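>>> the following block contains a protein sequence and its predicted model.
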Amino acid sequence: MTRIRFLPLFLPLLLLAFSFWKAGLHTLYVEAQAVERRAVAAQSRLDTLQALSVASRIDSQKYENLVLEFSELTGLPLDSEYAVSKGEVSAQVARFVDAVVEGLHDEEFAGLVDERAYLLFQSVTPGQRQVVEPFLLVDFELNLKGRFFAVPRFLSLLSRIAADQRCAISIGVLEVARVSELANTGELVVTLPLRAYFLER
């Protein structure tokens, strides 16, 4: 009895659903759902792009701040007047090395003031060049021979030359080895890795 009472209610609903399907409204409903899903996905992509854009601007600002801090620490001006091309970099490094060699001819490094403290220039070993926008980094090594007591004065000489030539230099790990394993003459081979920083044009 109860089933028969629900049949009149259920039957019109069934007929209504069948008529929607037959009239193509179901297809329109499915298409509308697909459009809605695409719109939600597009909005999601847009939100992601906006977040990345904001993050990129923040990262860009952080990078600019780091460049300014680096410039202040090294004394390397960010003015385009001081920018150099890759070709000019080799000439500046050569001038720096020439000034170092000239400085080593001073009597304080010749052992005349203190025979325990002398250094002789042996060679320069070129290294790699790297670009870290807006800077150009040039690595090279100075190879010296002498006594360890002269090394602190030599580091002071490097600092003076770098300041005079407005060339930002950082010093790597100093390598020291005895000249001869057999004789204990006190003579050392000193390898000094350096990195010069330039503003690239």
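Thanks, I have the structure now. Numbers count the residues shown, from 1 in each chain.
>>> quick one, domains of this structure?
2-61, 80-199 (automatic domain parsing).
>>> give me the average confidence score over the last one.
With pLDDT averaged residue by residue, domain 80-199 scores 81.
>>> just the endpoints, please. Distance across it?
One end of domain 80-199 sits 8 Å from the other (CA to CA, to the nearest Å).
>>> surely V97 is in contact with V124?
Yes - between V97 and V124 there is a contact at 5.2 Å, judged by CB atoms under 8 Å. For glycine as for every other residue, the C-beta is placed from the backbone atoms N, C-alpha and C.
>>> so what sits against both of the two?
F140, L142 (CB atoms under 8 Å, 6 or more residues apart in numbering).
>>> now the strands for the chain?
Assigned by DSSP state E, the strands in the chain fall at 119-132, 135-146, 168-171, 175-178, 188-199.
>>> tilt between the longest one and strand 135-146?
Computed by axes from the mean of the first three to the mean of the last three CA atoms, to 10 degrees, the angle separating strand 119-132 from strand 135-146 equals 160 degrees.
>>> if I look at D164, how far off is H105?
As judged by CB to CB, to the nearest Å, D164 and H105 stand 16 Å apart.
>>> brain fart, F121
Distance, F121 to H105, by CB to CB: 9 Å.
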